[in-house]
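Asker: Only the shape, not the letters, is given here:
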């Protein structure tokens with residue numbers, strides 16, 4: 001049995017779960033998320049916690065057991081506390097400014113500014129011109145938006161300029177050898 005899948009998901013105060021057929025809906029102080037369950041995996045609410053069960057040990061069910069448990073756990077965490085990804089911008093003249101909570105303008109060394117619009121459920125914060133916070137309740141969506149921003153100007157290995165996650169290590173190359 002999957003060790004991850006067997007672990008019960010504790011429900012914090014203020015989080016409500018509605019299980020109707022194959023759809024799990026989780027609502028809390030931050031918002032509401034729902035997900036369609038694949039296969040024969042079932043979610044059961046017991047004693048202020050959730051249990052993810054599978055009917056048998058078929059390969060497909062074993063593969064989905066831990067995955068669905070993690071996805072539902074992330075839904076519970078998202079509606080109770082939310083998720084944040086932080087990015088930092090490195091480079092002379094590289095900066096970000098906030099146009100609105102859902103629109104970001106960035107100068108990344110191109111001849112034009114780059115605008116990024118947040119999808120519904122995601123907001124931006126710019127505490128410093130070289131820091132960006134991507135905030136939302138859906139972990140998958142927050143991570144994808146942060147990855148799309150990073151993709152605009154990946155950190156290059158010679159000077160390290162570009163957009164990177166906070167704490168990300170960029171392997172540096174030495175460049176041309178001097179005589």
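Answerer: Yep, that arrived. Every value quoted in this text rests on a predicted model; they were computed, and no experiment measured them. Residues are numbered from 1 along each chain as shown.
Asker: tell me which residues in the longest helix seen in the chain are buried?
Answerer: Assignment by DSSP state H gives helix 59-80 as the longest helix of the chain. Neighbour-count burial for helix 59-80 flags 61, 64-66, 68-80 (criterion: 16 or more other CB atoms under 10 Å). In short, each C-beta sits where N, CA and C put it, glycine included.
Asker: which ones are touching residue 122?
Answerer: Residue 122 makes contact with 102, 134, 135, 136, 138, 141, 142, 145, according to CB atoms under 8 Å, 6 or more residues apart in numbering.
Asker: List buried members of the residues you listed by neighbour count.
Answerer: Buried members of the contacts of residue 122, scored by 16+ other CB under 10 Å, are 134, 135, 136, 138, 141, 142, 145.
Asker: Now, those residues that are in strands?
Answerer: When these are checked against strands using DSSP state E, the ones located there are 134, 135, 136.
Asker: Can you give me the distance of the first one to residue 147?
Answerer: When you say that, I think you mean residue 134. 10 Å (CB to CB, to the nearest Å).
Asker: Looking at the buried ones among the contacts of residue 122, spot the one nearest residue 116.
Answerer: Of all these, residue 116 sits closest to residue 145, with 8.1 Å by CB to CB.
Asker: how near is the closest one to residue 53?
Answerer: Distance, residue 145 to residue 53, by CB to CB: 33 Å.
Asker: Over to residue 124?
Answerer: Counting by CB to CB, the gap from residue 124 to residue 53 is 39 Å.
Asker: Please say which of the two ends up with more neighbours.
Answerer: Taking neighbours as other CB atoms under 10 Å, residue 124 and residue 53 compare with residue 124 leading, 23 against 16.
Asker: From the rest of the structure, what touches stretch 59-67?
Answerer: Residues from elsewhere that reach stretch 59-67 (CB under 8 Å, 6+ apart): 1, 2, 3, 4, 5, 38, 39, 40, 41, 52, 54, 55.
Asker: Give me the buried subset of the residues you listed.
Answerer: Burial by neighbour count, judged by 16+ other CB under 10 Å, picks out 2, 5, 41, 52, 54 from the contacts of stretch 59-67.
Asker: The chain: strands as residue ranges?
Answerer: Under DSSP E, the chain gives strands at 9-10, 16-20, 23-27, 32-36, 42-46, 49-53, 83-90, 95-100, 103-107, 114-117, 122-125, 131-136, 162-165.
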